Structures are given as structure tokens and as C-alpha cells.
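# let's see this in three dimensions:
(one chain, ligands or ions: 1)
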Amino acid sequence: DASDFVGDQVKYEIVGIDPGAGLMQSTAAALKEYDLSEWKLIEGSGAAMAAALDKAYKNKQPIIVTGWTPHWKFAKYDLKYLEDPKGVYGGDEQIHTIVRNGLKQDQPSAYSFLDKFEWTPDDMAKVMVDIQDGKKPEEAAAAWIADNGAKVDEWVKDIAKADGQKLKLAYVAWDSEIASTNVVKNVLETKLGYKVEMLQVEAGPMWAGIANGDADAIVAAWLPTTHKDYYAKYKGKFEDMGPNLNGTKIGLVVPTYMNINSIEDLKK
Ligand code: PBE
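Numbering: from 1, shown residues only. The predicted model follows:
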């Protein structure tokens, strides 16, 4: 029989993403802090989370997912973050660009552009929504660049062109980072003459790769909270170029048709 309690409705399950994501570590911490030991955080991927959300939403069924902003899902569905009165998921956060040590000497043009690269949550969301609507990531990136010529010109202004040198951008297959990494790759190739390889990896190897020099850059570092463990682990072995986007959020997300509002509502 259907119970009114959300735990019974969703079988005490929270739909998670890839285990290396900072969002998963924060959610594990939230289950502890809010004393929700009967709840399970299910590992999966960003894509599997989105598929589960889509299916539940279409059937108006209850579901709790690990979510983040910017993300196309907020344009497609009516969703809300559960309030986090204990602040486990952190406050203001930015996405940083991180490069390997030595990039400045080896690839000064790429370094200068990566230092300048900065856009808004709306910019990123536009690329994400286009991809969700069926464009290939590289097509969505190219379309955004074509539509935002002035912004892109400013990023590459006065930077000398390279001569086909190779660069490696590491990223995780989170929809937000698929969008940003494709935009940066396109600019490096079409405006600055590089040949760019995108390395899709898990979060741990992404940070290890930038620290050991296997990758040249990432535009996927969520700080100061989401990736704080990775940041601390490799500190000194990379160069932090600062924020490329301001105004992110992570937490537990539910459809607005659910009548819970806070993580505290998960407690019976
Ligand atoms: N995310 C998207 C990542 C960072 C980008 C929030 C899923 C994470 O949790 O590590």
C-alpha cells in the first residue's frame, strides 16, 4: 500500500551518479549529517540518473536524484532542490580551470586563452540544452561559438596562433563538462590552431592526470566544495587559473510535484 512517507515511496533510494563525483561524496556526508542511515545512495552515471528522472517524471512518480546546476534538466522539468539547512552541500561555488605545471612555458597561447576563458551559467546551459535536444556536442559547441562571436574574440584577443601543437583536455562525462570542454576544444582548434584530444575519464583519474602531466588542462574543477578532496590531494602539482563560471549548485533534487522541501523531510 502506498505510504505517505517519502522513504517508503522511493524505497529509501537516492539515484546517484558516478562514484568519483564530488556530489556523491557530499551526498554520503549528507546521509550521515542528517542521520539517514536507512537510506541508500545508488551509484550510476549522469546519463543513468537523467534517464531515471525522465521515466519517473513522465509517470508522475516520486524520485530523488543527486543534481547540479547548470543542467538542462531544470529547463526540461519542474524541479526543486531540497533545502540543506546544515549546509552539507556547501555555499557559493565556482567552476575553475586547472592546468598542468609547465603549460605556461610549453604552450603559452593555450595558457593565455585558458586563463581568460570565462562564461556564465546561461551560456553553458544553452550548449547543454542543444545537446539534449539532439545536437552532437561538437555541433552544439560550434553553434554557441558562432552565436557569441564577441565574447569568443575577447578570449583570444592578441594571442598568437599555434602551429598544430597537440593538447589534451581531460573531462568527465557530466553533461555540464561535455558542454564546456567541447567549447574550449573548438576555440583552441578553430581560433588558435591547436590539435586537441579530449580524454574522457572518471573524476579521480582526471585530477591525477592533471597532476602528473598526462592531461594539459581541465575546465571541470568544482570548487571550493565539490572537488575539495581532489584539490587537497594534488595541491602543488597543478596550476589553478581561477573560476571560468560562477553560480553553480549541487544537492538533492526532486520534481516539484513531490510534497517534501528539505533533506530533513527524509527522516521518518
Ligand atoms: N557534478 C558536475 C560534478 C562536478 C560537475 C556536480 C556532477 C561532481 O559532483 O563532481
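# quick check: residues of the stretch 1-150 of the chain near the ligand?
17, 21, 22, 23, 68 (Cβ under 6 Å from any ligand atom). The C-beta positions use only the backbone N, C-alpha and C, and glycine is treated the same way.
# and the spatially closest residue to the second one that is not a sequence neighbour, what does it touch?
Right, the one you point to is residue 21. Once flanking residues are discounted, residue 21 sits nearest to residue 203: 5.8 Å by Cβ to Cβ, 6 or more residues apart in numbering. Residues near residue 203 by Cβ atoms under 8 Å, 6 or more residues apart in numbering: 18, 20, 21, 22, 172, 227, 230.
# what separation do you get for residue 203 and residue 209?
Going from residue 203 to residue 209 by Cβ to Cβ, to the nearest Å gives 11 Å.
# cool, residue 62 as well?
For residue 62, the distance to residue 209 equals 39 Å [Cβ to Cβ].
# ok, residue 139 next?
27 Å.
# looking at the two, which has the bigger crowd around it?
residue 209 (20 against 14; other Cβ atoms under 10 Å).
# touching, that one and residue 169? I think so.
No. Residue 209 lies out of contact with residue 169 (Cβ atoms under 8 Å); the separation is 10.2 Å.
# quickly list what's touching both of the two.
199, 215.
# and for residue 93, nearest residue in space, chain neighbours not counted?
Closest residue to residue 93 apart from its sequence neighbours, by Cβ to Cβ, 6+ apart: residue 248 at 4.7 Å.
# residues in contact with the strand ranked longest in the chain: which ones?
Counting by DSSP state E, the longest strand found in the chain is strand 238-246. The contact list for strand 238-246 (Cβ under 8 Å, 6+ apart) reads 70, 92, 94-101, 103-104, 114-115, 117-121, 124, 180, 210-211, 219, 221, 223.
# also stretch 160-167?
Contacts for stretch 160-167 (Cβ under 8 Å, 6+ apart): 107-110, 188, 192-197, 216-217.
# circling back: next SSE after the longest strand of the chain?
Sequence order places strand 249-255 as the next helix or strand after strand 238-246, per DSSP states H and E.
# can you give me the helices in the stretch 1-150 of the chain?
Shown for the stretch 1-150 of the chain, the helices assigned by DSSP state H, counting those that start in this stretch span residues 6-9, 22-33, 46-58, 73-76, 103-106, 108-116, 121-132, 137-147, 149-156.
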